[in-house]
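Student: dropping the sequence and predicted coords here.
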Amino acid sequence: MCQLMGMSANVPTDARFSFTGLVERAGRTDIHKDGWGLLFYIGKGVQEFRDLKAGSECDVANFLKQQCIKSNIVVSHIRQANVGALTLENTHPFRRELWGQNWGFAHNGQLEGIHDKLPLGRYLPVGTTDSEHIFCWLLDQIHQAFPHPPSDPQTLYAFIYEKRQYLHDFGVCNFLLSDGDVLIAHCSNKLQWVTRRAPFGPALLKDLDFSVDFSAETTPNDVVTVLATEPLTTNEIWTKMTPGDMLVFKAGEIIGEFVSR
């Protein structure tokens, strides 16, 4: 399957360290070499990069590893193709507009029978992946239930959690979803997270002999949460999400927790 990486922070934070570890798995330390993508928010706007080459060998990915990618929310994905051709439109993350906001989505897993049982409406896929199909379906469900943003965002998160059960019933459905304000993480079988806060220390990548001392890169007030399919570092304690659970992160902190029964 594919692998996910996400970040939520209370200040614009450089995501190069996590991205560097992730793309090592895109053809060098793992088999996810069928394209990669990176989406990060800057205010209401987003910047996106993607390529069909293995991330570990891609000039665009290597360029990004040298840049200062600062954002409060990041969504990234490396692909091992199962459903959909090896085309650029089938690389994650996907993006659509809802309520004048850019929504980003990345998924890992395989779903069966969704095209017949999850009809689409306002949003249509550009590519042929099951992942983009469920993203379009989910946004349409949200739009039908909430023509305008709800006054209480928790009602939206609860609605998404309810709908995620429909997707979970079709197979493995780990996903990261963001509207630029929060980062929503659903675990179907495998997703983990780590929160970094003061006192900060060094972190060592699992897939590359490379470390960063975050005490030199942060302030005492910074809070940064990183999510990944598999831990990206070896010297930090990552928390495994329970299958069926969904977490909502804002500014690096959990503001919504929905647990399976």
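Tutor: That came through, no problem. Numbering: from 1, shown residues only.

Student: verify the stated contact: A185 with M241.
Tutor: Yes: the criterion here is Cβ atoms under 8 Å, and A185 meets it with M241 at 7.1 Å. All C-beta atoms are positioned from the backbone trio N, CA, C, and that covers glycine.

Student: distance of N102 from T29?
Tutor: 31 Å (Cβ to Cβ, to the nearest Å).

Student: ok, R50 next?
Tutor: Distance from R50 to T29, by Cβ to Cβ: 20 Å.

Student: so L4 lies in a strand, does it not?
Tutor: Yes: per DSSP: H, G, I helix; E, B strand; the rest coil, L4 lies within a strand segment.

Student: residues contacting it?
Tutor: 75-77, 106-108, 174-176, 191, 227-229 (Cβ atoms under 8 Å, 6 or more residues apart in numbering).

Student: tell me the bridge partners for it.
Tutor: Beta-bridge partners of L4, counted by DSSP bridges, are H77.

Student: checking W193 next. Helix, strand or coil?
Tutor: strand.

Student: A61 now?
Tutor: Applying three-state DSSP: A61 is helix.

Student: name the nearest residue to it, sequence neighbours excluded.
Tutor: Nearest-residue entry for A61: G55, 4.5 Å, with adjacent residues in sequence omitted and distances by Cβ to Cβ, 6 or more residues apart in numbering.

Student: in the stretch 51-200 of the chain, where is pLDDT below threshold?
Tutor: For the stretch 51-200 of the chain, residues meeting the criterion pLDDT under 70 lie at 80-85.

Student: for it, what spans make up the strands?
Tutor: With DSSP state E, counting those that start in this stretch as the criterion, the stretch 51-200 of the chain has strands at 70-78, 94-98, 101-108, 174-178, 183-186, 192-197.

Student: can those strands go into CSV with extra columns for mean neighbour count and distance to S215?
Tutor: Shown next, in CSV, are the strands of the stretch 51-200 of the chain (neighbours: other Cβ atoms under 10 Å; distance: least, Cβ to Cβ, whole Å):
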stretch, mean neighbour count, distance to S215
strand 70-78, 26, 18
strand 94-98, 18, 35
strand 101-108, 23, 30
strand 174-178, 27, 28
strand 183-186, 24, 24
strand 192-197, 18, 10
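
Student: quick one: closest of those to I114.
Tutor: Of all those, it is strand 101-108 that lies closest to I114, at 11.4 Å by Cβ to Cβ.

Student: count the neighbours of I254 for me.
Tutor: 14 (other Cβ atoms under 10 Å).

Student: was I right to think it contacts V248?
Tutor: Yes: judged on Cβ under 8 Å, I254 makes contact with V248 at a distance of 6.9 Å.

Student: E24 - nearest residue in space that isn't next to it in sequence?
Tutor: Nearest non-adjacent residue to E24 (Cβ to Cβ, 6+ apart): D207, at 3.8 Å.

Student: kindly report the same for V212.
Tutor: Nearest-residue entry for V212: F17, 5.1 Å, with adjacent residues in sequence omitted and distances by Cβ to Cβ, 6+ apart.

Student: just checking, what packs against the stretch of helix or strand the one you found belongs to?
Tutor: In this assignment (DSSP states H and E), F17 forms part of helix 16-24. Judged by 3 or more Cβ pairs under 8 Å, 6 or more residues apart in numbering; DSSP states H and E, helix 16-24 is in contact with strand 3-14, helix 59-64, strand 70-78, strand 223-228.

Student: which element follows that helix toward the C-terminus?
Tutor: strand 36-42.

Student: if we go by neighbour counts, what in that next one is buried?
Tutor: Using 16 or more other Cβ atoms under 10 Å as the test for burial, strand 36-42 gives 36-41.
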